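A.B. asks: Compute the structure for the input listed below.
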Amino acid sequence: MRYPILVFLLITSLPLCAGVQGDLRAGGKLYKQKKYGQALAKYNDILKENPTQPEAALGAGAAAYYLKDYNTAQSAFTQAAEGNSPRQQDALFNLGNTYYRAGNTDKAKQAYRQAILKNPQDKEAIHNLQLLLETQQNNQNQNNQNNKNQNKNSPNQQPQNQSQPADKNQQDQQQQPSQADKDAADRIMQMAQDQEAKQQPQSGQGVADDFIEKDW
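C.D. replies: This is a model prediction of the structure:
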């Protein structure tokens, strides 16, 4: 998650009224103390009076995320990503993490793509998107291999042959979206790599092999 530090920086730089600023500080303090339930309540109080307050929406989403209340987190991050919010890209990344934890990989991929389009240099979003696509492809390859082994070992060849066209059509339908996803992701990641190539490369840094949650 990339939220925790952001809120403390933002409350000193944005022209907020004194009441909202104080409530954000209070929510941030509770969040930092890992009192996520109390922090969520504080951020929700802010949102009742200021429904478009992006830092409060991000805070509510992050607190709900750590409470594993993914439905509430999704709603909050979606709210933070609406319009021209200055925290739109951060909200989209966090939304991808939330969908991932909730088991909705399709929406997670969509959120990561949107985050990458907002910031093509977001290596963590690129990594998480690529990880999801690779996992999906590996699962499909394994399923295809299992189907082949099952067909090969089946003693009833005639029923198997009759059912093969339907099975193959189903496999093709499953594979086509995956290929489209992969092509779209490749284009997005190529754009990100082109942007990154313009900067000074950093040596000694590699990509982790597991899912990334930012905490900076």
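A.B. asks: any idea how far I46 lies from N143?
C.D. replies: 47 Å (C-beta to C-beta, to the nearest Å). Any C-beta I mention is one placed from the backbone N, CA and C, and that applies to glycine too.
A.B. asks: Who has more neighbours out of those two?
C.D. replies: Shown here are I46 and N143; by other C-beta atoms under 10 Å, I46 has more neighbours (21 against 12).
A.B. asks: Before we move on, what's the pLDDT of the more buried one?
C.D. replies: For I46, the model assigns a pLDDT of 95.
A.B. asks: mind checking how far it is from K123?
C.D. replies: Note on I46: its distance to K123, by C-beta to C-beta, is 32 Å.
A.B. asks: do G61 as well
C.D. replies: 22 Å.
A.B. asks: between the two, who's got more neighbours?
C.D. replies: The neighbour count for G61 versus K123, taken as other C-beta under 10 Å, is higher for G61 (31 against 15).
A.B. asks: Mind giving me the packing neighbours of the strand or helix carrying the more buried one?
C.D. replies: Applying DSSP states H and E as the criterion places G61 in helix 54-66. Counting contacts by 3 or more C-beta pairs under 8 Å, 6 or more residues apart in numbering; DSSP states H and E, helix 54-66 packs against helix 3-10, helix 18-32, helix 36-49, helix 70-80, helix 88-102.
A.B. asks: mind listing what's buried in the second one?
C.D. replies: Read it as helix 18-32. Neighbour counts over helix 18-32 (16 or more other C-beta atoms under 10 Å) mark 20-21, 23-24, 26-28, 30-31 as buried.
A.B. asks: now the fourth one
C.D. replies: Counting neighbours by 16+ other C-beta under 10 Å, one finds that the buried residues in helix 70-80 are 70, 72-80.
A.B. asks: and the angle for that helix with helix 54-66?
C.D. replies: 160 degrees (axes from the mean of the first three to the mean of the last three C-alpha atoms, to 10 degrees).
A.B. asks: before we move on, the earlier item: looking only at pLDDT, what's the mean for the helix holding G61?
C.D. replies: 94.
A.B. asks: okay if I get the buried residues of helix 70-80 as CSV plus pLDDT and distance to N151?
C.D. replies: Below are the buried residues of helix 70-80 laid out as CSV (pLDDT from 0 to 100; distance: C-beta to C-beta, whole Å):
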residue, pLDDT, distance to N151
Y70, 96, 38
T72, 97, 45
A73, 96, 43
Q74, 97, 40
S75, 96, 45
A76, 96, 47
F77, 95, 44
T78, 95, 44
Q79, 94, 49
A80, 93, 49
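A.B. asks: so which of those comes closest to N128?
C.D. replies: F77 (14.7 Å; C-beta to C-beta).
A.B. asks: Done for today, thanks.
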